[in-house]
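Trainee: Here's a sequence, model it:
(chains A, B, C and D)
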Protein chains: 2
Amino acid sequence: MTSAKKTPTIYDVAKLSGVSITTISRVLNSPDKVNPKTRQQVMDAIDQLGFVPKAEARARAMRYTNRIGVITPFFTAPSFVQRLRGVAATLSKASYELVIYPVDSAEHLQGYISSIPVMRNLDGLIIMSLAIDEKDAQRLVDNAMHTVLIEYSNSLLNSIVINDAHGGRLAAEHLIGKGHKSFGFIGDIEPPERYAIHPVRSRLQGFKEALNEAGIDLSKKYIKQAYYSQENSREAALELLNMSKRPTAIFAASDIQAISIMKVARQLNLRIPEDLAVIGFDDIDMAEYVDLTTIRQHLDDSGRLSAEMVLARINDPGRILQNIHLPLTLIERQTA
Amino acid sequence: MTSAKKTPTIYDVAKLSGVSITTISRVLNSPDKVNPKTRQQVMDAIDQLGFVPKAEARARAMRYTNRIGVITPFFTAPSFVQRLRGVAATLSKASYELVIYPVDSAEHLQGYISSIPVMRNLDGLIIMSLAIDEKDAQRLVDNAMHTVLIEYSNSLLNSIVINDAHGGRLAAEHLIGKGHKSFGFIGDIEPPERYAIHPVRSRLQGFKEALNEAGIDLSKKYIKQAYYSQENSREAALELLNMSKRPTAIFAASDIQAISIMKVARQLNLRIPEDLAVIGFDDIDMAEYVDLTTIRQHLDDSGRLSAEMVLARINDPGRILQNIHLPLTLIERQTA
DNA sequence: AAGTTGGGTGAAAGCACTTTCAGTTTAACA
DNA sequence: TGTTAAACTGAAAGTGCTTTCACCCAACTT
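Mentor: You can find the predicted model right below:
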């Protein structure tokens, strides 16, 4: 029965299904652009012939991969997920695939960064919250890999950043405005990861500065280092809240940590915001669920924007470099 | 100043070394057929340009992609993220890339599913919470695409499932054990998406059955349909809690919805669990932060397992099919 | 009824090479 | 020195696929 003497090509499939080779290609590469009925005919023919597109021919003819990559640490932390959501939304519209490169060590990062531009199986790249050095940046531009950085910047590449110190100020000012006099801070000031960038110190600094300007000194013992984990944040919160003169307001460098603090406060029977005000940073989805007052950093938008920027660059490589500063917004809810 | 705009081709090499592209090709493919002097010139040019036959590299890269794909709806909903986290963790260890195909329409899904196995730019595939029909399953196995289904099963493919009805029972039994007599249910019983699978009905059914067995009838008006959004869940909760004889315990078909209910209860000044018990389903990270009692479905583990299964299959294609039932565990915290 | 969209489609022009074939050197031999 | 086979080379014709562009036709506008 098996007639085929040679492996079938799209020309064979085209003949059998009665359409042009163009349509076959389209069924395979952008199925949504072809009429479902036609698509079904083509798929039937493909199945019948056992057609498999030849990788080399494909590679030859394909100038783009229709795929953009995201290199990110902590890719499942809520704030990163929300950025990814923004990225995915715009990529999906433009029918690009999303490849995620989770980074959990410096080697990992270096590996990705050195092989990606050479392998060229990506049309563009988004790098989140990761510091990349001059040499790597240079390699990226040499190999014409369109990339945008988030939370980090480099003169050779597009970037999207926020002003973390200003975020700290916003928090301080809001709390001061509410009449608070004694403050605490909890955040991941000295994270263990060498490869990721660390905006927390800036948030703290802005917070301190604004307090100073209001004549308030935030002494060391009210500043608690806590890793991004729940237990760790909880311990820090406990220490703060068990102090003889405990603060009436706490600024947490991330919403997740703020929520941990709320949990401890609840267990200690402290009312929020009457006994303790809590303010977070990020405005992750969950913040609204728990009515957390926080500094919104427009996570979805940053993702969306970054994707739009790489797409724009792909379509117009001559486009000028951009370094976008995203605003921060205080979102007042119930906790402060 | 920008030097290399694109990767060099044999044309560039030909120009630089002053011979025709034919000769370049020959140097590369049958060096013995070309004059040593000419060959040397060509090699020099090749070195100088850093030329790598592109198609070849691509084709090589494509025969074994080191990449596995995940097709998933709602890819940024917490429960899906947690599964993805499991997947990413094991893939990262095995140094595989993760490609995410977000599905937001039936066409999308059908498109992916028909082109992926044929195009072979993936070594394996994980399909989450999506129903796939016999024909597609058949095509996947015909094309030797190693795939694992999560929350759905098919006799031709590996799968990982949970017993949703049993989860409903667990919730009911726990609540009954706490002495509750009047119950409510909130969940996405009739979701709008045709392409995704819908375990909520089963959860409700198990819940109802267990109540029935305890002699309790869950009447229709205590069963509220609510989409997976915050506002919708809130409305449903409000209706339930404003009833003349309001339930003392509510089972939410997802943690996210349970948390919405908690928010409403807070606004209504209802104490949890004294005035109202709430139990969720999933055990997402956030559940612990807000002390939500819930039915844990081991999300990270299901992701990890699914990745391990496709990896195992890639390394040993003869491996027997598995249909894994993951246990559900009641996690008792503060809300019920 | 005429005009405007816009989805679906095919012809044809790439893509980055390989191969064929005809031609040009070169080397070797008479 | 002329002849000829061998060695080398390039133009052009594939290779199997993707993509651009123009076209058709049906569905809306006005």
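Trainee: so residue A:291 makes contact with residue A:333?
Mentor: Yes. Counting by C-beta atoms under 8 Å, residue A:291 touches residue A:333, with 4.6 Å between them. In short, each C-beta sits where N, CA and C put it, glycine included.
Trainee: Buried residues in stretch A:46-59, which are they?
Mentor: Within stretch A:46-59, the residues that qualify as buried by neighbour count (16 or more other C-beta atoms under 10 Å in any protein chain shown) are A:46, A:47, A:49, A:51, A:53, A:55, A:58, A:59.
Trainee: of these, list those near DNA strand C.
Mentor: When these are filtered against DNA strand C using C-beta under 7 Å from any atom of the strand, no residues are retained.
Trainee: hang on, isn't residue A:82 packed against residue A:303?
Mentor: Yes. Residue A:82 sits in contact with residue A:303 when judged by C-beta under 8 Å, with a separation of 7.1 Å.
Trainee: For residue A:103, give me its contacts.
Mentor: Contact partners of residue A:103, counting by C-beta atoms under 8 Å, 6 or more residues apart in numbering or on different chains, are A:71, A:72, A:73, A:109, A:112, A:130, A:195, A:196.
Trainee: Check the gap between it and residue A:75 for me.
Mentor: From residue A:103 across to residue A:75, the span is 8 Å (C-beta to C-beta, to the nearest Å).
Trainee: Residue ranges of each domain in chain A, please.
Mentor: A:10-61, A:67-162+A:299-326, A:164-296 (automatic domain parsing).
Trainee: Next, format those as CSV and append mean pLDDT and distance to DNA strand D.
Mentor: Conversion of the domains of chain A to CSV gives the following (pLDDT from 0 to 100; distance: least, C-beta to the nearest atom of the strand, whole Å):
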stretch, mean pLDDT, distance to DNA strand D
domain A:10-61, 86, 3
domain A:67-162+A:299-326, 88, 10
domain A:164-296, 94, 34
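Trainee: coming back round to it: so residue A:82 and residue A:303 - more neighbours on which side?
Mentor: More neighbours sit around residue A:303 than around the other of residue A:82 and residue A:303, counting by other C-beta atoms under 10 Å in any protein chain shown; the figures are 27 against 23.
Trainee: could you point out which element follows the helix or strand where the more buried one lies?
Mentor: Here residue A:303 sits within helix A:299-315, counting by DSSP states H and E. Toward the C-terminus, helix A:299-315 is succeeded by strand A:323-326 as the next helix or strand (DSSP H and E).
Trainee: Can I get that next one as CSV, trimmed to CA atoms?
Mentor: Coordinates of each C-alpha in strand A:323-326 appear next as CSV, following Å, rounded to 0.1, in the frame of the first residue of the first chain:
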residue,chain,number,x,y,z
ASN,A,323,15.2,54.0,28.8
ILE,A,324,11.7,54.2,30.3
HIS,A,325,11.0,55.2,33.8
LEU,A,326,7.7,53.9,35.0
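Trainee: residues in contact with the helix or strand following that strand?
Mentor: From strand A:323-326 onward toward the C-terminus, using DSSP H and E, the following helix or strand is strand A:329-331. Contacts of strand A:329-331 from elsewhere in the structure, counted by C-beta under 8 Å, 6+ apart, are A:170, A:171, A:174, A:283, A:287, A:293, A:294, A:295, A:296, A:298.
Trainee: ok so the first one is a helix residue?
Mentor: Yes. Residue A:170 forms part of a helix when assessed by DSSP: H, G, I helix; E, B strand; the rest coil.
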